[in-house]
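Chemist: Pasting the sequence and the predicted coordinates here, then a few questions.
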Amino acid sequence: MPESLPQAITSALSDLAGYIFLLLNHLSLKMTDAFEDQPECAPLIPALKQMAIQDRRRPQGISETTEAYIILVTDFLEVEFMKALSKGPIDIDYLWKLFRTSEELATIGAVVMAPIFDGLRRMTRKLD
């Protein structure tokens with residue numbers, strides 16, 4: 001029985017987990033470097049450093065937090081693929097664009113930063 005399109009996309013994206021880990025590591029390092037000289041961004045640094053952590057004690061070899069980020073990015077990419085496919089066939093150039101262009105990397109960065117900003121908002125509300 002052939003896979004449905006969403007199942008095929010999910011399967012293909014799960015094969016990219018290692019690449020997504022590298023992407024998260026890159027985003028983590030770049031954002032940490034950008035924010036380290038800004039004292040007002042200090043609360044972000046610990047969360048940024050947790051984005052791509054290896055943990056050899058876990059079966060996947062990554063921390064729970066990193067696994068959650070990979071799932072977050074995978075879910076986002078799945079939605080992007082489905083949107084693109086609803087407009088017509090996609091090719092390898094489209095797929096590489098999702099990982100290679102500054103605009104798309106910024107979008108993925110915003111996706112992974114959303115839970116961090118939500119956490120900071122909750123912390124700030126508790127202090128008020």
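Modeler: Received the coordinates, thanks. Everything quoted here is computed from the prediction, not taken from an experiment.
Chemist: How about the contacts made by the residue positioned nearest the centre of the chain?
Modeler: The centroid of the chain falls nearest to Val73 when counting by C-alpha atoms, centre = their mean (3.6 Å). Contact analysis of Val73 by C-beta atoms under 8 Å, 6 or more residues apart in numbering lists Ile20, Leu23, Leu24, Ile108, Val111, Val112. Backbone N, C-alpha and C define where each C-beta goes, glycine included.
Chemist: Would you reformat those residues as CSV and include distance to Gln50 and secondary structure?
Modeler: Putting the contacts of Val73 into CSV (distance: C-beta to C-beta, whole Å; DSSP: H, G, I helix; E, B strand; the rest coil) gives the following:
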residue, distance to Gln50, secondary structure
Ile20, 15, helix
Leu23, 15, helix
Leu24, 10, helix
Ile108, 17, helix
Val111, 16, helix
Val112, 11, helix
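Chemist: Name the SS class of the residue nearest to the centre of the chain, please.
Modeler: What DSSP: H, G, I helix; E, B strand; the rest coil gives for Val73 is helix.
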